[in-house]
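> Structure for the following, please:
(one chain, ligands or ions: 1)
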Amino acid sequence: MPHKRHTQFRKPDGGLYAEELFSTEGFSNDYTLLYRIYEPTRIIRCEEPVNDMPRVAEEKMLKHRSLEGFNVKPEDDFLKSRKAVLVNGDCHIVLAAPRKSMTDYFFKNADADEMIFVHEGTGVLTTCYGELRFGYGDYIVIPRGTTYQVSFDTDNNRLFIVESFHPIRYPKRYMSKYGQLMEHAPFCERDIRVPENLKAIDQKGDFLIKNRKKGLLYNVHYETHPFDVVGWDGCCYPYVFSIHDFEPITGRVHQPPPVHQTFETDAYVVCSFVPRLYDYHPQAIPAPYNHSNIDSDEVLYYVDGDFMSRKHVTRGMINLHPAGIPHGPHPGAVERSIGAKETKELAVMVDTFRPLQLTEEALEIENQGYVMSWAE
Ligand SMILES: [Fe+2]
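Model prediction:
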């Protein structure tokens with residue numbers, strides 16, 4: 001890396017490395033400077049775009065819903081395997097069961113940051129920043145516009161993905177004014193894994209990047225390999241945070257959902273429910289109270305463990321409790337929870353501030369009658 005940015009940085013043969021600024025919010029927020037063997041602009045062919053919009057089946061509704069997430073059919077191809085189930089103008093909630101690694105193309109989501117929660121499977125996410133190994137319980141956060149390739153070691157992979165049209169960040173209340181995670185945060189910088197093993201690939205040929213932009217998929221062919229970066233620095237890059245590194249905040253009486261918060265955006269929050277000790281007031285009720293969160297739709301993705309407030313829960317299930325009507329523990333769950341010392345539950349919650357719509361894929365995997373499951 002040259003001592004000064006925007007100065008000459010030469011290859012062993014005397015030619016210049018190509019500097020690339022990867023910036024956010026125009027040039028007014030975090031950015032990264034990358035040094036490439038070749039310019040990232042060498043397009044050799046563009047194909048006609050293809051439609052890649054989710055197919056919305058129910059635009060408006062007011063009912064508790066339950067989806068059997070593991071009933072989403074596995075597909076060989078990574079992009080084809082992604083099925084948007086709940087969507088709005090702020091985010092798409094996607095389930096995927098890809099069987100094979102991406103080998104003949106790269107993917108870039110030019111619209112959305114991506115949060116890929118790995119429920120089952122292990123592998124490596126490769127970008128021009130290096131490699132991120134991932135496995136069970138990892139949140140992989142990929143800034144929009146990052147070109148990536150996913151390689152799996154496994155073929156029975158299960159992913160819960162949020163495509164976010166707003167930048168994904170840590171909760172503001174956990175950040176110092178200069179951007180450090182503070183002492184009261186349930187995780188810290190040491191828990192965050194950054195790209196490693198940077199390998200600059202010097203190759204010419206025909207490299208296909210599938211770019212998603214405004215619901216269309218554009219196949220753009222480049223002359224040089226997209227991972228030809230010899231060095232980079234800056235604050236915009238993909239990273240991994242494991243749900244197993246989230247340190248739960250507990251109390252004498254029931255703590256509200258924000259204690260589980262892991263990420264935030266301007267339009268929704270992400271919470272991690274992890275194994276923890278229950279409330280320790282002698283009269284405490286560990287089960288949650290009934291609640292009317294009138295300003296947000298609540299999406300709960302069940303990962304593992306026991307789920308004390310619900311009956312009939314399966315791994316990979318999504319329950320959607322829409323804003324406007326209250327929800328709470330199933331009959332008997334409150335009484336049953338009294339005296340319990342700990343929970344092994346593992347779940348990811350996404351609360352959106354605007355209502356979600358259900359897609360055709362969601363209706364195909366719906367558990368009917370969930371809305372009536374509280375009646376005795
Ligand atoms: Fe809730």
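
> Near residue 239, how many other residues are there?
15 (other Cβ atoms under 10 Å). Heads up, the C-betas are built off the backbone N, CA and C, glycines and all.

> residues contacting it?
Taking Cβ atoms under 8 Å, 6 or more residues apart in numbering as the definition of contact, the neighbours of residue 239 are 132, 140, 141, 192, 193, 194, 195.

> which residues does it bridge with?
Applying DSSP bridges to residue 239 gives these bridge partners: residue 141.

> Next, find the distance separating it from residue 191.
Summarising the geometry, the distance separating residue 239 from residue 191, computed by Cβ to Cβ, to the nearest Å, is 10 Å.

> Same check on residue 169?
From residue 169 to residue 191 the distance is 16 Å (Cβ to Cβ).

> returning to that earlier point: for residue 366, state which of the contacts of residue 239 is nearest.
Using Cβ to Cβ, residue 140 is the member of the contacts of residue 239 that lies nearest residue 366, at 27.5 Å.

> Apart from its neighbours in sequence, what residue is nearest the closest one?
In space, residue 140 comes closest to residue 116 once its chain neighbours are excluded; the distance is 4.3 Å by Cβ to Cβ, 6 or more residues apart in numbering.

> so who does the one you found touch?
Counting by Cβ under 8 Å, 6+ apart, residue 116 touches 134, 139, 140, 142, 159, 160, 161.

> The fifth one: what's its closest spatial neighbour, skipping adjacent residues?
What it means is residue 159. Taking Cβ to Cβ, 6+ apart as the measure, residue 159 lies nearest to residue 96, with 4.4 Å between them; neighbours along the chain are not counted.

> neighbours around that neighbour, how many?
The local packing count at residue 96 equals 21, with neighbours defined by other Cβ under 10 Å.

> who does the spatially most central residue of the chain bridge with?
Most central residue of the chain, judged by C-alpha distance to the mean C-alpha position with Cα atoms, centre = their mean, is residue 115 at 1.6 Å. The bridge-partner assignment for residue 115, based on DSSP bridges, gives residue 141, residue 162.

> Read off the pLDDT value for residue 312.
Listed pLDDT for residue 312 reads 81.

> how many other residues sit next to it?
Counted with other Cβ under 10 Å, residues neighbouring residue 312 total 11.

> can you give me the strands in the stretch 201-350 of the chain?
Using DSSP state E, counting those that start in this stretch, the strands found in the stretch 201-350 of the chain span residues 204-213, 216-224, 229-234, 239-242, 261-264, 268-273, 276-277, 297-304, 317-321, 342-343, 346-352.

> Determine the set of other helices and strands touching the fifth one.
Packing contacts for strand 261-264, counted by 3 or more Cβ pairs under 8 Å, 6 or more residues apart in numbering; DSSP states H and E, involve strand 138-142, strand 268-273.

> One more pass at 10 Å, please.
Strand 261-264 sits against strand 113-120, strand 138-142, strand 268-273, strand 346-352, with contacts defined as 3 or more Cβ pairs under 10 Å, 6 or more residues apart in numbering; DSSP states H and E.

> Next one, pLDDT for residue 360 please.
In the predicted model, residue 360 carries a pLDDT score of 98.

> and it, how many neighbours?
Using other Cβ under 10 Å, residue 360 has 14 neighbouring residues.

> close enough to count as contact, it and residue 53?
No. Under the contact definition of Cβ atoms under 10 Å, residue 360 does not touch residue 53, with a separation of 11.5 Å.

> what touches both of these two?
Common neighbours of residue 360 and residue 53, counting by Cβ atoms under 10 Å, 6 or more residues apart in numbering, are residue 84.

> Would you confirm that the residue nearest to residue 159 contacts residue 70?
No. Counting by Cβ under 10 Å, residue 70 is not a contact partner of residue 96; they are 11.5 Å apart.

> okay, and the common contacts of those two?
Applying Cβ under 10 Å, 6+ apart, one finds that residue 96 and residue 70 are jointly contacted by 119, 158.

> Below-threshold pLDDT in the chain: ranges please.
Per-residue confidence of the chain (counting by pLDDT under 70) places the weak regions at 308-309, 311.

> Residue 361 belongs to a strand, doesn't it?
No. For residue 361, which was evaluated using DSSP: H, G, I helix; E, B strand; the rest coil, the result is helix, with no strand membership.

> show me what contacts it?
Applying Cβ under 10 Å, 6+ apart, one finds that residue 361 lies in contact with 54-55, 57, 67, 72-73, 82-86, 94-95.

> Quick check: the gap between it and residue 191.
Taking Cβ to Cβ as the measure, residue 361 and residue 191 are separated by 33 Å.

> tally of neighbours for the closest residue to residue 52 other than its chain neighbours?
Spatially, and ignoring its direct neighbours in sequence, residue 52 is nearest to residue 217 (4.3 Å; Cβ to Cβ, 6+ apart). Burial of residue 217, expressed as a neighbour count using other Cβ under 10 Å, amounts to 16.

> Do I have it right that residue 217 meets residue 210?
Yes. Under the criterion of Cβ under 10 Å, residue 217 lies in contact with residue 210, with a separation of 5.6 Å.

> Quick one: the helices in this structure, in order.
78-81, 333-337, 360-364 (DSSP state H).

> Make TSV from the ones you listed and add distance to residue 351 to it.
Listed next are the helices of the chain as TSV, based on distance: least, Cβ to Cβ, whole Å:
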stretch	distance to residue 351
helix 78-81	26
helix 333-337	21
helix 360-364	18
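
> Of the ones you listed, which is nearest residue 222?
For those, the distance to residue 222 is smallest for helix 78-81, at 17.9 Å, taking Cβ to Cβ.

> May I have the closest one as PDB, with CA atoms only?
In PDB, the C-alpha atoms belonging to helix 78-81 read as follows (Å, rounded to 0.1, in the frame of the first residue of the first chain):
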ATOM      1  CA  PHE A  78     -27.300 -20.200  -5.000                       C
ATOM      2  CA  LEU A  79     -29.400 -17.400  -6.600                       C
ATOM      3  CA  LYS A  80     -32.300 -19.700  -7.700                       C
ATOM      4  CA  SER A  81     -32.400 -21.200  -4.200                       C
END
